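Undergrad: Generate a structure from the sequence data that follows.
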Amino acid sequence: MDELALQYEPREAFIPFHQRSQRFGLMVCHRRAGKTVSCINELVLRASYTNKKKAKYAYVGPFRKQARDVAWEYLKEATEGIRKGPPRESDLQVRLHNDAVISIYGADNPDSIRGLYFDGIILDEFGDMRPTLWGEVILPTLLDRRGWSVFIGTPKGKNHFYKMKQRAETEDNWYHMVLRASDSGLID
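TA: This next block holds a predicted model:
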């Protein structure tokens, strides 16, 4: 399959995110900026064009119910016409034309993620997750297949998301973006 007809047109602020080459990324964006939509579509784009066999991608929210409420409809919409079979509602999972799988998880049950592998993963509102989740659970899922990860969220003080932001700003293999409501022009 050479070219897919995806129904996604990124907001201008997120074009550099989709063009990044860094393995790790972090975006601090105001509410309703479009970070979840851009990240779901990033998962779909990367999963659609991967050369890896049995590719797996994931979106992780602080709680499974919250992740479902926030991202599941976006994922189903983004994969319309390129899925292999219907979405698996109970598993919150879609399989694409090339057998790549994208799943939605909640960080409230880290054991549901432990032991898996991923080629790419989005951690939404990382500041609301356990600080140890990254090092103990998520990073090991990325190592053997050199998977990528992106942390997204809104500021909530100087927590572990803030510390990850500091890291992203200083290390070369990180993409980072800050989008403030006062600068984006997206909301009044």
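Undergrad: Where is the longest helix in this protein?
TA: Counting residues, the longest helix found in the chain (DSSP state H) is helix 35-49.
Undergrad: so what does that one touch, helix or strand wise?
TA: Applying 3 or more C-beta pairs under 8 Å, 6 or more residues apart in numbering; DSSP states H and E, one finds that helix 35-49 contacts helix 15-18, strand 56-61, helix 73-78, strand 101-106, strand 120-124, strand 148-153. In short, each C-beta sits where N, CA and C put it, glycine included.
Undergrad: got those as JSON lines, with distance to residue 34 columns?
TA: Output for those, formatted as JSON lines (distance: least, C-beta to C-beta, whole Å):
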{"stretch": "helix 15-18", "distance to residue 34": "10"}
{"stretch": "strand 56-61", "distance to residue 34": "15"}
{"stretch": "helix 73-78", "distance to residue 34": "10"}
{"stretch": "strand 101-106", "distance to residue 34": "18"}
{"stretch": "strand 120-124", "distance to residue 34": "13"}
{"stretch": "strand 148-153", "distance to residue 34": "11"}
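Undergrad: Save the ones you listed as JSON lines, and put in mean pLDDT too.
TA: Below are the helices and strands packed on helix 35-49 laid out as JSON lines (pLDDT from 0 to 100):
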{"stretch": "helix 15-18", "mean pLDDT": "94"}
{"stretch": "strand 56-61", "mean pLDDT": "98"}
{"stretch": "helix 73-78", "mean pLDDT": "96"}
{"stretch": "strand 101-106", "mean pLDDT": "98"}
{"stretch": "strand 120-124", "mean pLDDT": "98"}
{"stretch": "strand 148-153", "mean pLDDT": "96"}
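Undergrad: Which of the ones you listed sits closest to residue 86?
TA: Minimum separation from residue 86 across the helices and strands packed on helix 35-49 (C-beta to C-beta) falls at helix 73-78, 9.3 Å.
Undergrad: still on that earlier bit, output the longest helix of the chain as PDB, nothing but the C-alphas.
TA: The C-alpha trace of helix 35-49 is given here as PDB (Å, rounded to 0.1, in the frame of the first residue of the first chain):
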ATOM      1  CA  LYS A  35      -2.500  17.300  21.400                       C
ATOM      2  CA  THR A  36      -4.500  14.000  21.800                       C
ATOM      3  CA  VAL A  37      -5.900  14.200  18.300                       C
ATOM      4  CA  SER A  38      -2.400  14.800  16.900                       C
ATOM      5  CA  CYS A  39      -0.900  12.000  18.900                       C
ATOM      6  CA  ILE A  40      -3.600   9.500  18.000                       C
ATOM      7  CA  ASN A  41      -3.000  10.300  14.400                       C
ATOM      8  CA  GLU A  42       0.700  10.000  14.900                       C
ATOM      9  CA  LEU A  43       0.200   6.500  16.100                       C
ATOM     10  CA  VAL A  44      -1.900   5.700  13.100                       C
ATOM     11  CA  LEU A  45       0.600   7.300  10.600                       C
ATOM     12  CA  ARG A  46       3.500   5.400  12.100                       C
ATOM     13  CA  ALA A  47       1.700   2.200  12.500                       C
ATOM     14  CA  SER A  48       0.400   2.400   8.900                       C
ATOM     15  CA  TYR A  49       3.800   2.800   7.300                       C
END
